[in-house]
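*Asks:* can you look at this prediction? I've put the sequence above it.
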Amino acid sequence: MASFQSLPGFREFYPESLARRNHLFRCWRQSAHAYGFLEYDAPVLESLDLYKAKSGDEIEGQLFSFTDKGGREVALRPEMTPTVCRLVGAKANALKRPIKWFSIVDFFRYERMQKGRGRCFAQFNADIFGEAGPEAEIELIGLLVQCLRGLGLTADDFYVRLSDRNLWFYYLEALGFDADQARGMLGAIDKFERLGDDAFKIYTDAHGELAADTKGRIVEFLGIKTLPQLEAIVGQSDSVELSARLDDWRRVLGGLNAMGLAAFVTVDLGVVRGLAYYTGFVFEAFDRKGDLRALAGGGRYDDLVGKLGGPALPAVGFAIGDMTMELLLEQRGLLPNLVVAPDVYAVIAGAEERLAAFADINLLRAAGYRVDYPLRELGFGKQFKHAAELGARIAIIYGGEELARGVVKLRDMNKREEVEVPRSQMAEAVRDFLSA
Ligand code: HAM
């Protein structure tokens, strides 16, 4: 027999789990608004070329792609960055700068199944276009931290690891690497945390042996955790670019410190990011315990708008994924039990009373109250039980005798107390009760 299960890696959201996910989205939206970001959206299906070479080999290998009925090579979006670059690039002159945009939508990657990774997941993306200085990084890292704090997480729960591809290139150049070798070495550094010394094999296989001293200098650089350590090591070099870059580091860390966010950010040059387009500062957020994969990742990508046909436009951004985030919140007991309870439950005696109740229910719903009632005739006992199970705060009782007198009974479901009110004043009585 055919089984109609969902595909591996695709989640289904029953109301309770959707309420939890909506809680994340609501908090992220609120944080983005507080930081002055505007929301946008874009197509879920794009031309395959948009991601080929732009996103990097890893993502290209994970694309959900196919040929459509018109013979076009297309792909479900695996990330937002190339798309948002196209959008901004197409109207760059008309948009007020700096352009601060965000979105919360689904993405598709054919990934190996593992904890916190799926094949369809949501990301909160935030990006700033048109700001070349590190002030854009400050604003974005600030927003990233706020998105997590807004959910109740603290500096004991997560941290942002800040790194810099430029710094690496200048450092490797000072050690005698050419551009191609430096890119190869960044590939190895990307794997260093997971593979340890074996990661260097990725480099030596392609570029030949590495002098012991050079390897030592790289491992030392990888061990830097603070700005003074960075200053000390860079101070030993006579590279002008390296010391100029230190000023940018001082600005970013100084700005974040002034925002009161120093406890959330660590210097960590082990982060280089796998995506192909990053050009400067890069960062990733992780849980402090190190149980989970990355919560968020981002960085500067100054060339991508231009490469996709737009004008030269500096850009920085990041994305938070919903899956690892939800795991972390669950671990910390920060996922509220979000019961959506009615304000009012109408308890209805019979067919005639039902019509009177409908008029009032409609009135209350139009006024914005959440109102429920039994779709079929039920005894009073069952109706009250149902109202209690749903968590209704008030029951309004439509009995024949009361209706004949032009009144209804309002029952406080918690206190189990009832009062009679004229039907004409029912809406006011509900309002007063709920706002009390
Ligand atoms: P990314 O590091 O590929 O960056 O993804 C960002 C976050 O999305 C990850 O840290 C993770 O939480 C989540 N994520 C990624 N893949 C999966 C998956 N298969 N299942 C569940 N969650 C996943 C980007 O996508 C960049 N475009 C971010 C960016 C925006 N850079 C600049 N602007």
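*Replies:* Noted; the coordinates are in hand. Numbering: from 1, shown residues only.

*Asks:* ok, now which ones touch Lys295?
*Replies:* No, residue 295 isn't Lys; it's Leu. By C-beta atoms under 8 Å, 6 or more residues apart in numbering, the contact set of Leu295 is Leu148, Phe158, Glu284, Ala285, Phe286, Asp287, Ile320, Gly321, Thr324, Met325, Leu328. C-beta: built from backbone N, CA, C; applies to glycine.

*Asks:* same list, these, but as CSV with distance to the ligand and pLDDT please.
*Replies:* Putting these into CSV (distance: C-beta to the nearest ligand atom, whole Å; pLDDT from 0 to 100) gives the following:
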residue, distance to the ligand, pLDDT
Leu148, 12, 98
Phe158, 12, 98
Glu284, 7, 98
Ala285, 7, 98
Phe286, 9, 98
Asp287, 11, 98
Ile320, 6, 98
Gly321, 2, 98
Thr324, 5, 97
Met325, 7, 98
Leu328, 10, 98
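
*Asks:* what is the nearest of those residues to Gly130?
*Replies:* Ile320 (22.5 Å; C-beta to C-beta).

*Asks:* on that earlier part again, now, the contacts of Leu295 that are in helices?
*Replies:* Among those, the members falling in helices (DSSP state H) are Leu148, Thr324, Met325, Leu328.

*Asks:* now those in JSON lines, with distance to Phe121 and neighbour count?
*Replies:* As requested, the ones in helices among the contacts of Leu295 are exported to JSON lines (distance: C-beta to C-beta, whole Å; neighbours: other C-beta atoms under 10 Å):
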{"residue": "Leu148", "distance to Phe121": "17", "neighbour count": "27"}
{"residue": "Thr324", "distance to Phe121": "9", "neighbour count": "22"}
{"residue": "Met325", "distance to Phe121": "10", "neighbour count": "28"}
{"residue": "Leu328", "distance to Phe121": "14", "neighbour count": "25"}
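
*Asks:* looking at those residues, which one is closest to Leu87?
*Replies:* So of the ones in helices among the contacts of Leu295, ranked by how close each gets to Leu87 (C-beta to C-beta), first place is Met325, at 25.2 Å.

*Asks:* nearest residue to that closest one in space, please, no chain neighbours.
*Replies:* Leu295 (5.7 Å; C-beta to C-beta, 6 or more residues apart in numbering).

*Asks:* again, but for Glu284
*Replies:* Glu284 sits nearest to Gly297 (C-beta to C-beta, 6+ apart), 4.5 Å away.

*Asks:* paired strands for the one helix or strand the one you found maps to, with orientation please.
*Replies:* Per DSSP states H and E, Gly297 falls inside strand 296-300. With DSSP bridges as the test, strand 296-300 is paired with strand 281-287 (antiparallel), strand 315-321 (antiparallel).

*Asks:* low-confidence stretches in the stretch 51-200 of the chain?
*Replies:* Scanning the stretch 51-200 of the chain for pLDDT under 70 picks out no residues.

*Asks:* from the ligand, how far out is the residue nearest to Met325?
*Replies:* According to C-beta to the nearest ligand atom, to the nearest Å, Leu295 and the ligand sit 5 Å apart.

*Asks:* now Arg370
*Replies:* For Arg370 relative to the ligand (C-beta to the nearest ligand atom), the value is 33 Å.

*Asks:* next one: Glu39
*Replies:* 15 Å.

*Asks:* give me every residue that touches Gly235.
*Replies:* Ser243.

*Asks:* what about it, distance to Glu420?
*Replies:* 83 Å (C-beta to C-beta, to the nearest Å).

*Asks:* one more: Gly306?
*Replies:* Applying C-beta to C-beta to Gly306 and Glu420 gives a distance of 73 Å.

*Asks:* neighbour count: those two, which is higher?
*Replies:* Gly306 (15 against 12; other C-beta atoms under 10 Å).

*Asks:* once you drop chain neighbours, what's closest to that one?
*Replies:* That would be Ala312: by C-beta to C-beta, 6+ apart, it lies 4.7 Å from Gly306.

*Asks:* my guess is that neighbour meets Leu304, correct?
*Replies:* No. Judged on C-beta atoms under 8 Å, Ala312 makes no contact with Leu304 at a distance of 10.4 Å.

*Asks:* neighbour-wise, which of these two wins?
*Replies:* Between Ala312 and Leu304, counted using other C-beta under 10 Å, Leu304 has the larger neighbour count: 24 against 12.

*Asks:* picking that back up, any chance of the strands paired with strand 296-300 in a markdown table, plus mean neighbour count?
*Replies:* Putting the strands paired with strand 296-300 into a markdown table (neighbours: other C-beta atoms under 10 Å) gives the following:
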| stretch | mean neighbour count |
| --- | --- |
| strand 281-287 | 24 |
| strand 315-321 | 25 |
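
*Asks:* can you name the residues that contact Phe124?
*Replies:* Applying C-beta under 8 Å, 6+ apart, the residues near Phe124 are Phe25, Trp28, Ala32, Phe102, Ser103, Ile104, Cys147, Ala319, Ile320, Asp322.

*Asks:* distance of the third one from Arg300?
*Replies:* Read that as Ala32. Ala32 is 19 Å from Arg300, by C-beta to C-beta.

*Asks:* the fifth one too?
*Replies:* In this structure, Ser103 and Arg300 are separated by 19 Å, where distance is defined by C-beta to C-beta.

*Asks:* the more surrounded of these two?
*Replies:* Arg300 (27 against 21).

*Asks:* which residues touch the more buried one?
*Replies:* Ala136, Glu137, Tyr278, Thr279, Gly280, Phe281, Val282, Pro314, Ala315, Val316.

*Asks:* please list the residues of the protein that sit near the ligand.
*Replies:* The chain comes close to the ligand at residues 79-81, 109, 111, 117-118, 121, 123, 125, 127, 275, 294-298, 317-319, 321, 323-324, as judged by C-beta under 6 Å from any ligand atom.

*Asks:* of those residues, buried ones?
*Replies:* Taking 16 or more other C-beta atoms under 10 Å as the criterion, what is buried in these is 79-81, 109, 111, 118, 121, 123, 125, 127, 275, 294-298, 317-319, 321, 323-324.
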